[in-house]
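Q: structure for this input, please:
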Amino acid sequence: MSEEFDLERRLGYNFSHKNLLKEALTHSSVLNEPEGSDLKSNQRLAYLGDAVISLIIAETFFKKIPEAKKGDLTEKRKQLVDDKFLARVATRLNLNTHLILGRGSERMGIHRETTALAEAFEALVGAIYLDDGIDKAKAVVLQVLKPDLESLR
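A: Next up is the predicted model:
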């Protein structure tokens with residue numbers, strides 16, 4: 001079983017455009033390597049994925065907690081879009097084993113750092129959004145975050 005397939009299985013999503021999956025897993029450090037000249041880093045996808053995750057979580061809380069005030073909804077959402085939280089989600093998905101890193105960053109253990117892991121998860125969500133739209137991204141995010149959403153009620 002390929003590593004990409006294993007990750008897609010854990011996500012419950014198969015990419016139509018595998019280049020998006022590769023980009024989502026590519027840390028910017030690899031761009032400094034000779035073989036990285038034709039790669040794109042996951043930073044732009046992370047930017048998009050951050051917004052998509054925030055929207056999905058905001059909509060979910062808005063619908064599921066109709067009595068909550070704006071400030072309460074904002075606090076709950078912030079808990080689930082925080083880098084530390086998203087890094088734990090990425091670790092649950094074993095994203096650290098799938099990150100494409102430059103040699104120096106790999107030796108330094110970047111694949112275990114909070115920011116790199118959080119950005120990898122955000123980038124995956126951004127890639128799913130581009131690959132198949134908001135409904136599929138929402139389904140994946142809600143499935144992956146299901147235990148966390150239930151504990152925040």
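Q: surely residue 123 meets residue 50?
A: No. Contact criterion C-beta atoms under 8 Å: residue 123 and residue 50 do not qualify, at 9.1 Å. C-beta coordinates here come from the backbone N, C-alpha and C atoms, glycine included.
Q: the more surrounded of the two?
A: residue 123 (29 against 20; other C-beta atoms under 10 Å).
Q: next up, the contacts around the more buried one.
A: Residues in contact with residue 123 (C-beta atoms under 8 Å, 6 or more residues apart in numbering) are 23-25, 42-43, 45-46, 49.
Q: residue 52: what secondary structure?
A: Of the three states, residue 52 takes helix under DSSP: H, G, I helix; E, B strand; the rest coil.
Q: burial measure for it, as a count.
A: Quick note: residue 52 (other C-beta under 10 Å) scores 21 neighbours.
Q: report the contact partners of it.
A: 125-126, 129, 134, 137, 141 are the contacts of residue 52 under C-beta under 8 Å, 6+ apart.
Q: how does it look with 7 Å?
A: Neighbour list for residue 52: 125-126, 129, 137 [criterion: C-beta atoms under 7 Å, 6 or more residues apart in numbering].
Q: pick out the residue nearest the middle of the chain.
A: residue 121 (1.7 Å; C-alpha atoms, centre = their mean).
Q: that residue sits in which helix or strand?
A: Using DSSP states H and E, residue 121 maps to helix 114-132.
Q: pull out the buried positions in that helix.
A: 114, 116-132 (16 or more other C-beta atoms under 10 Å).
Q: same question, stretch 25-40
A: Result for stretch 25-40 [16+ other C-beta under 10 Å]: buried residues 25-30, 36, 39-40.
Q: again, but for stretch 14-21
A: Quick answer for stretch 14-21 (16+ other C-beta under 10 Å): 15, 20-21.
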